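Engineer: Got a sequence here, can you model it:
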Amino acid sequence: MKLSIKDMVLCAVFAALISIGAFVSIPLPGGVPFSLQPFFAMLAGAILGSKRGAISMTVYTLMGLVGLPVFSNGTGGFGMIFKPTFGYILGFIVCAYVVGLIVEKSREKGFNAGLVIAPFVGLILDYIIGVPYLFVVLKATMGEAMTPSVALAYGFWPFIILDLVKAAIVVTMLFSIIPRLEREGILA
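Structural biologist: I've put the predicted structure just below:
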């Protein structure tokens, strides 16, 4: 995929938006903060499409890994891969890609139900990657005290309701934003 200047700018905008979403965070027990990042990961895929959405989230991840303080609570650096939350960051890449893929296929077929389910599928995939990663990292430090139910208590249950609300907001935005972005030539 060859990226145009417009594509690169859009990817950079969403890498910046998810960085801003990381600063809007509320720390919770277990080391996983509540943030706006899942919202921007879903929105990136929905608006940019699968490839550009995944690129924008990859750029964000690489920015953090090289040391820019773009992760939650202003953290960054390669050592973040050993933190319990890094699985969710990897999940943002998959989330954006899959949301974008579903939206692209739905738009091709005129299938609006795909626009409705795409953010929820992406959110589920972020949890499928994030919670086991959290479990493995915390198991290394907590030992037997870390069980799957504890991992869910730290990395799933406190967030799922608000994340479902974020997904629903993305859905409502899609029905108003996508036609406008198509008219403006941002979406092909």
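Engineer: Isn't S50 up against S106?
Structural biologist: No - judged on CB atoms under 8 Å, S50 makes no contact with S106 at a distance of 11.9 Å. C-beta here means a position set from N, CA and C on the backbone, and glycine is covered the same way.
Engineer: Point out where this structure drops to low pLDDT.
Structural biologist: 30-31, 187-188 (pLDDT under 70).
Engineer: And the strands in it?
Structural biologist: 25-26, 34-35 (DSSP state E).
Engineer: Of all those, which one comes closest to M8?
Structural biologist: strand 34-35 (25.2 Å; CB to CB).
Engineer: Give the pairing partners of the closest one; include direction for each.
Structural biologist: strand 25-26 (antiparallel) (DSSP bridges).
Engineer: What lies in contact with the strand it pairs with?
Structural biologist: Strand 25-26 is contacted from outside by P33, F34, S35, L36, S72, N73, using CB atoms under 8 Å, 6 or more residues apart in numbering.
Engineer: who's the third one bridged to?
Structural biologist: To tie it back to what came earlier, the one meant is S35. Beta-bridge partners, per DSSP bridges, of S35: S25.
Engineer: how near is it to P29?
Structural biologist: S35 is 15 Å from P29, where distance means CB to CB, to the nearest Å.
Engineer: Which of those two has more residues huddled nearby?
Structural biologist: S35 (22 against 8; other CB atoms under 10 Å).
Engineer: so the more buried one makes contact with F71?
Structural biologist: No - counting by CB under 8 Å, S35 does not reach F71; the two are 9.5 Å apart.
Engineer: which residues are in contact with both of those two?
Structural biologist: A22.
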